[in-house]
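Engineer: Here is the input, now give the coordinates:
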Amino acid sequence: MKNTKSILAVLTISVFLSIVCISFNSCSKDSSSTPSYECTTCASTPDALAENDGSAKGVYKGIVVGSSGSLYIDIQNGTDLITGTLIIDGVSVALTSSVSYVSGQPYVAPFTGIYNGSPISITFSVGLSGGTPTVTSSDIPGHPNTVFTLYKETSTSLIEAFEGGYTKPGKTGTFNILLSRGLNLWGGIAKGNEAGAEVDEIDGTIDSSNRLIESSNGTILGTLSGDEINGSFQDGNGDTVTIHGERTL
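Structural biologist: Got it, this is the predicted structure:
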């Protein structure tokens, strides 16, 4: 009987403690919450120099869809070099240009590199004051329909790139976003994973609650929190679309 009473006592205490833990959420092994995703390699301040804010020189950052990735272009930002880095499907490709920069002129040049043992080329174009940066054409083996969106970074407005995806009933896809917290602006590219899927390019603003609001219809797509974007919304067909993105540049 003594052993039985001891066992009952232990069980009674265990049940009591379990109730306390559930009620107050105070008995987990690790009381600290799981930290959110953080891009430890991403810049916290602009790379761009103030002297290049109004010229074709400087830093340009972009997102890539047609697989997924990012693009970084550096046109003599503090050096005499003109270089780039393309990251696509997790593979980093160093890019170079042989076209010299001429002060007061637009800059148009092919950037070349080697991707998985094959040569690639990306033709970059930007206006003389740094406006309308664009990839006008690309030749990337295995990625014939790659789409780019680029912004010019300035000394006062850090540009950040987020890579992620979306899900909706019966479909999944890539959804990458480029944004500036300083300007409260963002642009995105979405493409379904199914064969022949169309590319959607959208943009909008970031409100005071860090919500991404689409400019065309006011839809709140998600919320920016640290180096993550999460959200869900109803599309034009009434389907619930869920998005998630993590900063990579």
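Engineer: CA atoms for contacts and neighbours, from now on please.
Structural biologist: Fine.
Engineer: so how far is stretch 106-124 off the chain centroid?
Structural biologist: In terms of CA atoms, centre = their mean, to the nearest Å, the centre of stretch 106-124 is found 22 Å from the chain centre.
Engineer: Hmm, I typed the wrong one, I wanted stretch 58-69.
Structural biologist: 9 Å.
Engineer: Same check on stretch 213-221?
Structural biologist: 18 Å.
Engineer: Of all the residues in it, which ones are buried?
Structural biologist: 213-214, 220-221 (16 or more other CA atoms under 10 Å).
Engineer: any idea of the mean pLDDT in that stretch?
Structural biologist: Here stretch 213-221 scores 96 as its mean pLDDT.
Engineer: What's the end-to-end length of it?
Structural biologist: 6 Å (CA to CA, to the nearest Å).
Engineer: Equivalent analysis for stretch 200-218, please.
Structural biologist: 16 Å.
Engineer: ok, back up a step: Serialize the buried residues of stretch 213-221 to CSV and add fields for distance to residue 150 and secondary structure.
Structural biologist: Listed next are the buried residues of stretch 213-221 as CSV, based on distance: CA to CA, whole Å; DSSP: H, G, I helix; E, B strand; the rest coil:
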residue, distance to residue 150, secondary structure
213, 19, strand
214, 18, strand
220, 22, strand
221, 20, strand
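Engineer: Throw the residues you listed into TSV and include distance to residue 56, thanks.
Structural biologist: Below are the buried residues of stretch 213-221 laid out as TSV (distance: CA to CA, whole Å):
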residue	distance to residue 56
213	30
214	29
220	34
221	32
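Engineer: Nearest to residue 168 among the residues you listed?
Structural biologist: Of all those, residue 221 has the smallest distance to residue 168: 13.3 Å, by CA to CA.
Engineer: wait, isn't that closest one in contact with residue 235?
Structural biologist: No - with contact defined as CA atoms under 8 Å, residue 221 does not reach residue 235; the gap is 9.8 Å.
Engineer: tell me which residues form a beta bridge with the residue nearest the centre of the chain?
Structural biologist: By CA atoms, centre = their mean, the mean C-alpha position of the chain lies nearest to residue 162, the distance being 0.7 Å. According to DSSP bridges, the residues that bridge with residue 162 are residue 177, residue 247.
Engineer: I'd guessed it sits against residue 249; true?
Structural biologist: Yes - using CA under 8 Å, residue 162 is in contact with residue 249, at 7.1 Å.
Engineer: Skip ahead from the helix or strand bottoming out on mean pLDDT in the chain and say which helix or strand is next.
Structural biologist: Using mean pLDDT, DSSP states H and E, helix 2-24 stands out as the lowest-scoring helix or strand of the chain, at a mean of 40. Using DSSP states H and E, the helix or strand that follows helix 2-24 towards the C-terminus is strand 58-65.
Engineer: counting contacts, what elements does the helix or strand that that following strand is followed by pack onto?
Structural biologist: Where DSSP H and E defines the elements, the next helix or strand beyond strand 58-65 is strand 68-75. Here strand 68-75 touches strand 58-65, strand 82-88, strand 160-168, going by 3 or more CA pairs under 8 Å, 6 or more residues apart in numbering; DSSP states H and E.
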